[in-house]
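Peer 1: What follows is a predicted protein model with its sequence.
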Amino acid sequence: MPSVVQRATEFLLAAAFTHVGDDGASHSFMFSRPGSQFSSIGTQVFFSDRAMIKAALFVRGHGAPHLQAFSVEDVQRSLSDAFIENYHLLSGETLFQRFRESYALFVSENTKRAFADALALSPLFAPESEPTVFPLVAVQVNSDFSCRQFFLRKPETLQTEFPEVEQWRLRPLQFPPISDWKHRVETPAAWLGIRTPALQSSRKVKRAILGAVALTPSHSYRHMFSGRTMWGGYCTIAGGWAFTFGDAVTPPLAETITIGERDHAWLGELSKLLASNKKADRRLVTALEYYYRAWPLGGSERFPILCMALDAAYSEVAHATAAVVDGVRETLGSIDKKRLRDLLEIRASVIHGGAPDVYDSRKYGKYYTAYNADPIRDLGLVVAQCLRTKVFGGTLQEHPEPYQDIIAEARAQGQMPTTFCGSTILDIVEDVPPANLSRWKIARRTGAKWLRDAAHILDDRSEC
């Protein structure tokens, strides 16, 4: 049976012609033959769009894993680049020739094998990872973390991630971190570096990593944004360098997230997850990507994306609310099943076209009436706790309240309430001793304070 690279070669050569056909476009380029007395020779090739799409779909599905982050058009461009780069292997039989059939039907088997050997060494099948660094503004690093796939570093330690021959060009305290850059510069609070073969795949890994970082602050701080100045961009450094300014990679958080030694355990777990090819692990990475996409959004826009994060983590079947309910309860324990199902019924109206805005759903008001709680907040708490538990096995814990002393003093003086929110879905457990049954029913309707206090769920917490 032909190898994957041989089949990819057939697809690619079947898309190439010496003349224009029913579809496609021409590519004119210069190439050099090894050992030739001519420095370069000009030629032209035509690629059929339909045939190139077939080639791109095959290579995207069977080539290097990072191609899954590419669009079909991106893979088409990579294939045409590979053809042009290795055209000298075909030129002995095709240069200055005109033939009606495709290259696949014209060139010899020996030439195809030589071309396939070269294609096997291309980034389509044997990519080399290169570091892309993203400047962070609202995240700082107190204790550096580095693994094979990524690193989080203080600005002054960025150079240690690069070979000595590259370090002289770096200015780690600025973005872009290039020594001979003379124009606009910004000062990052930290660096996120990702080692992948292409920018597209780096962006996917970035979303998963920062989705995990978004789980570290408590719910209120996670979505407490300020008017701080934000900026962003990326810089790829590998032999040469390329960079651009762009949007910030995190929201404008009112409180900066600090990554310390306490976070190394879950960062290590994330490294294993990113390296895994298991389908279940890939779905968890997808759930983190969804969580990252939801992070900067307002409550109404955030709601459907959080639902997608739950679906990615728990359900492979469309509309499988039951699978999500069972999965969440298996992860979190005896969470109130009816309340969880009612919460996910709002998801059904939003996702399936009944309410373009969660506030338009009649079930939104019904949930408030039944549980005296915000369903958007409840969903955010459920998704965050599920991801912390299911993805990281409890190694990722919320960072503590940054102003505990001030809050404790204000409470002692009677200037602040003992808690900042009413009952949430995580406060109510389903399994209750029979003797407490009547009080349990009342608590489910009213969110009575006695249940929270008895369970000590909110001790020493500023919010829930």
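Peer 2: Arrived safely, thanks for sending. Residues are numbered from 1 along each chain as shown.

Peer 1: and stretch 75-84, how far out from the chain's middle?
Peer 2: Put simply, stretch 75-84 sits 26 Å off its chain's centre (Cα atoms, centre = their mean, to the nearest Å).

Peer 1: All the strands of the stretch 201-350 of the chain, in order from the start?
Peer 2: 232-238, 240-246, 257-259 (DSSP state E, counting those that start in this stretch).

Peer 1: least trustworthy helix or strand in this structure by mean pLDDT?
Peer 2: helix 449-455 (a mean of 36; mean pLDDT, DSSP states H and E).

Peer 1: Domain ranges for the protein, per the record?
Peer 2: Under the assignment automatic domain parsing, the domains of the chain span 4-120, 130-275, 279-390, 404-455.

Peer 1: Lowest mean pLDDT across the ones you listed, which one is that?
Peer 2: If you rank the domains of the chain by mean pLDDT, domain 404-455 sits at the bottom with a mean of 58.

Peer 1: before we move on, back to that, any chance of the domains of the chain in TSV, plus mean neighbour count and distance to Q397?
Peer 2: Every residue, glycine included, has its C-beta placed from N, CA and C. Below are those laid out as TSV (neighbours: other Cβ atoms under 10 Å; distance: least, Cβ to Cβ, whole Å):
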stretch	mean neighbour count	distance to Q397
domain 4-120	17	30
domain 130-275	18	8
domain 279-390	18	7
domain 404-455	14	15
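
Peer 1: Make TSV out of these and add distance to L396.
Peer 2: Output for these, formatted as TSV (distance: least, Cβ to Cβ, whole Å):
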stretch	distance to L396
domain 4-120	25
domain 130-275	4
domain 279-390	5
domain 404-455	16
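
Peer 1: now the strands of the stretch 201-350 of the chain in CSV, with distance to A348?
Peer 2: Listed next are the strands of the stretch 201-350 of the chain as CSV, based on distance: least, Cβ to Cβ, whole Å:
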stretch, distance to A348
strand 232-238, 35
strand 240-246, 36
strand 257-259, 33
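
Peer 1: wait, which of those is closest to V358?
Peer 2: Of all the strands of the stretch 201-350 of the chain, it is strand 257-259 that lies closest to V358, at 26.8 Å by Cβ to Cβ.

Peer 1: who does the closest one pair up with?
Peer 2: strand 139-141 (parallel) (DSSP bridges).

Peer 1: So which residues make contact with the strand it pairs with?
Peer 2: 152-154, 189-192, 213, 250, 256-260 (Cβ atoms under 8 Å, 6 or more residues apart in numbering).

Peer 1: if I look at the residue nearest to M224 when sequence neighbours are not counted, how far off is E156?
Peer 2: Of all residues not flanking M224 in the chain, A254 sits nearest, at 4.4 Å (Cβ to Cβ, 6 or more residues apart in numbering). Separation of A254 from E156 (Cβ to Cβ, to the nearest Å): 26 Å.

Peer 1: now swap in A410 and tell me
Peer 2: Counting by Cβ to Cβ - A410 and E156 are separated by 37 Å.

Peer 1: got it, and D23?
Peer 2: In terms of Cβ to Cβ, D23 sits 54 Å off from E156.

Peer 1: Ok, which of the strands of the stretch 201-350 of the chain comes nearest G353?
Peer 2: The nearest among those, by Cβ to Cβ, is strand 240-246 at 33.2 Å.

Peer 1: That closest one to strand 232-238, inter-axis angle?
Peer 2: Strand 240-246 and strand 232-238 are oriented at 170 degrees to each other (axes from the mean of the first three to the mean of the last three Cα atoms, to 10 degrees).

Peer 1: Pairing partners for strand 240-246, with directions?
Peer 2: With DSSP bridges as the test, strand 240-246 pairs up with strand 232-238 (antiparallel).

Peer 1: Not counting the strand it pairs with itself, show me its contacts.
Peer 2: Under Cβ under 8 Å, 6+ apart, the answer for strand 232-238 is 130-135, 137, 162, 166, 169-170, 175-178, 199, 202, 241-249.

Peer 1: again, but for stretch 52-72
Peer 2: So stretch 52-72 is contacted by 4, 7-8, 11-12, 14-15, 24, 73, 75-76, 78-80, 123-127, 196-198, 200-201, 203-204, 277 (Cβ under 8 Å, 6+ apart).

Peer 1: Format the CA atom coordinates belonging to that stretch as CSV.
Peer 2: Output of stretch 52-72 as CSV, limited to C-alpha atoms (Å, rounded to 0.1, in the frame of the first residue of the first chain):
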residue,chain,number,x,y,z
MET,A,52,-5.7,21.2,-4.9
ILE,A,53,-8.6,21.1,-2.5
LYS,A,54,-8.5,17.3,-2.6
ALA,A,55,-4.8,17.4,-2.0
ALA,A,56,-5.2,19.8,0.9
LEU,A,57,-7.9,17.9,2.6
PHE,A,58,-5.9,14.7,2.4
VAL,A,59,-2.7,16.3,3.8
ARG,A,60,-4.6,18.2,6.5
GLY,A,61,-6.1,14.9,7.7
HIS,A,62,-3.0,12.7,7.3
GLY,A,63,0.0,15.1,7.6
ALA,A,64,1.6,16.7,10.6
PRO,A,65,-0.8,17.2,13.5
HIS,A,66,-0.4,21.0,13.6
LEU,A,67,-2.1,21.2,10.2
GLN,A,68,-5.5,20.7,12.0
ALA,A,69,-5.1,24.4,13.1
PHE,A,70,-4.8,25.4,9.4
SER,A,71,-7.7,26.3,7.1
VAL,A,72,-7.9,24.4,3.8
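
Peer 1: how close does the residue nearest to D23 when sequence neighbours are not counted get to Y103?
Peer 2: Closest residue to D23 apart from its sequence neighbours, by Cβ to Cβ, 6+ apart: D49 at 4.6 Å. D49 sits 16 Å away from Y103, going by Cβ to Cβ.
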